[in-house]
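Chemist: predicted coordinates and the sequence they were generated for:
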Amino acid sequence: MEFLSGHYAYWFIFALMIVGLYGMLFKQNMVKKTIGLSIFQASVVLFFVSIASKWNATVPVKSDQFPVENVANYLNPLPHTLMLTAIVVGVATLGVAFTLLITIYNRFGTLDEQEVIEKVQ
Amino acid sequence: MIETHLPVAIVFTYLLFAVIGTAVSFRNKDWAQPLAVLGAGVATLFSIIAFISFLNEGEIVRYWFGNWQPPVGIEFVYDGLSGFISLVINFVAFIVLWHSGANAKAEFKSKRHVYYSVAMLLMLGFNGMVMTGDLFNLYVFLEISSLASYALIAIGNKNAPFAAFRYLIIGTVGGTLYLLGVGFLYTITGTLNMIDMEAMLPMLMDNNVAIAALVLILGGIGVKAALFPLHGWLPDAYTNASSTSSALIAPIGTKVAAYVLFRVVLYVYGADTFESMIPIDYIIGLLASVGIIYGSVMAIGQKELKKMLAYSSVSQIGYIIMGLSLMNPFGFAGALLHVLNHAFMKACLFLVSGNLRLKLGHTRVFDFDSSVAKKQPWTMFGFTVAAISMVGLPPLAGFFSKWYLAIGTVQNSNWLFLAVILVSSLLNAVYFFRILEKVYTNKDNPADLDLDAVEQDEVGFNGKAPVMILAIGLLVIGLTNAAIVGFLFNIFPG
């Protein structure tokens, strides 16, 4: 129980990651694979956001209520900013993925992976 | 003064030429290729100048963006390793883009200017990965180069988009695992700067998080490097992509990923840290050896030249990773020399396959006969040199990297890896000499072939010259290997 308690966020992220991997591995429809990929990326984004979370602290904007000397008053903003970049990367990847899917659908007339593999060979 | 700006100048040259190329080629598509060649040429020139000044002064150049001091700011680090790799990839890209004109015209027709813009972005990503001194920055450049390579692979034959999609799925999982590993490292060290992390990690090596992070990074980058058993995307992607895309991605892409493994394992973690924990180095060495044998055996079974070369890439990347896993100076020097050799050999072989597709119209291995050598003597000469170098006959370059790797295995008393190197050279000989026999002896000629009637039908100067430069380059590397290896011994960390 000690293993679980206090780490609920990490267990949730872990579960989300497994959902994403399941989608990529076992779904035959390639759009569903792409959705699984997106869930997988989102889980890592959530991981970064959760490592920066802190109780009784606020956003890193200087104010008189929270003296700067006490760093415990402020969140670490770096993981959040990193994740802005990672989200942009994820969006770009999804864009390329859907472009490829449109081309595949135009050429093969299906988005089912097994059917495309049969048509390729 | 100028030297301090060179690391960033190399990367931004490609960005500049990607933009200029796109803008100019809207008016005239024939300018796209010269501009791309010029971009790669300028970047190569910058790499040469930076490398010479590094050799003369031996100073590591650290470029701080916006003059923010690390670990707060992002920096580019030009040291021996990144300088060496950047020189190799920029030169090979220059040669491949120089060669690409005729193939691009035949395969992409009116859309060829798009290819050159994306190729510039690909090289921007690769050079950024090599130069950066920041682990998250590396992830961003990794994704830039990956997105560009998905696009380049997708513009091939009918099946190429499907191969590119499968690569996209597994490649993005790899990139995301790398990001997760970086997140783990950030939680225990609080920094993303490589040099800063290098100083902190030895104290944290009994922490399981550091080991989990290493495994995640190895797994993630292993996908990009096509380390066995994560190589599944590679053969289909290289085979279905157009000749010039695979000639650009095959020699460079997996090498840059291997560079990241070198950087993380030997520099950020350090060779000493591997003595006290579970033998991760031995495990990746074993995977690499299985990959070497598997790639060679699969290459023997292929009927299509490009697919054979793709499987041979899986095998050759195994040598590089095996050299890394040995963790001694000989393994290190052998592996990096093999990065150089393999970039030349694979570029040469893929350019040959491009030339053959242009004039012969196909690259089916079993349909070759001695008319090929008569039609395209220059191209087949390049193929012969590269093939002999792949097998590893002195004085060509391929022999020496295998020689140093073999010395490295002997130093570690690792007889299994030594046996793998020797056996796989034999297997390489099987699949390359098979083609040489078909092309240079009259044994397999069809009965109705009249050799005297075959006229020479070679590609133009821009198709011949790059192949010749790479072939002669292999001989030059072989003859000057002592100097190169001496330099590599000097930059071995620790």
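Modeler: Received it, and whenever you're ready, just let me know what you need. Residues are numbered from 1 along each chain as shown, chains lettered A, B, ... in the order given.
Chemist: show me what from chain A comes close to chain B.
Modeler: Residues of chain A found near chain B (CB under 8 Å from any CB of the partner chain) are A:21, A:24, A:30, A:33-34, A:37, A:40-41, A:44, A:47-48, A:51, A:79, A:82, A:85-86, A:89, A:92-93, A:96-97, A:100-101, A:103-104, A:107-108, A:116, A:120. Bear in mind the C-beta positions are built from the backbone N, C-alpha and C, glycine included.
Chemist: in contact with residue B:457, which residues?
Modeler: By CB atoms under 8 Å, 6 or more residues apart in numbering or on different chains, the residues touching residue B:457 are B:359, B:375, B:376.
Chemist: how many residues are close by the first one?
Modeler: In this case it means residue B:359. 15 (other CB atoms under 10 Å in any protein chain shown).
Chemist: so what's the residue count around the closest residue to residue B:274 other than its chain neighbours?
Modeler: Leaving out its chain neighbours, the residue that sits closest to residue B:274 by CB to CB, 6 or more residues apart in numbering or on different chains is residue B:281, at 4.9 Å. Neighbour count of residue B:281, defined by other CB under 10 Å: 18.
Chemist: contacting residues for residue B:281?
Modeler: Residue B:281 is in contact with B:265, B:274, B:324, B:325, B:327, counting by CB under 8 Å, 6+ apart.
Chemist: next one: the third one from chain A, what distance?
Modeler: According to CB to the nearest CB, to the nearest Å, residue B:324 stands 26 Å off from chain A.
Chemist: thinking that residue is in contact with residue B:264, fair?
Modeler: No - judged on CB atoms under 8 Å, residue B:324 makes no contact with residue B:264 at a distance of 10.2 Å.
Chemist: just read off the phi/psi values of residue A:63.
Modeler: phi -140, psi 160 (degrees, to the nearest 10).
Chemist: from chain B, how far out is it?
Modeler: Distance from residue A:63 to chain B, by CB to the nearest CB: 22 Å.
Chemist: tally of neighbours for that residue?
Modeler: Neighbours around residue A:63, by other CB under 10 Å: 10.
Chemist: interface residues of chain B facing chain A?
Modeler: Counting by CB under 8 Å from any CB, the residues of chain B near chain A are B:136, B:139-140, B:143, B:147, B:150-151, B:154, B:158-159, B:161-162, B:164-165, B:168-169, B:172-173, B:175-176, B:179-180, B:183, B:186-187.
Chemist: redo that, cut-off 7 Å
Modeler: B:136, B:140, B:143, B:147, B:150-151, B:154, B:158-159, B:161-162, B:164-165, B:168-169, B:172-173, B:176, B:179-180, B:183, B:187 (CB under 7 Å from any CB of the partner chain).
Chemist: any quick PyMOL command for the buried ones out of those residues?
Modeler: Typed into PyMOL, the line below selects the buried ones among those, using 16 or more other CB atoms under 10 Å in any protein chain shown:
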select buried, chain B and resi 136+140+143+147+150+151+154+159+161+162+164+165+168+169+172+173+176+179+180+183
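Chemist: for the one helix or strand in chain B whose mean pLDDT sits lowest, name the packing helices and strands.
Modeler: When the helices and strands of chain B are compared on mean pLDDT, DSSP states H and E, helix B:370-375 comes out lowest with a mean of 76. Helix B:370-375 sits against helix B:415-440, with contacts defined as 3 or more CB pairs under 7 Å, 6 or more residues apart in numbering or on different chains; DSSP states H and E.
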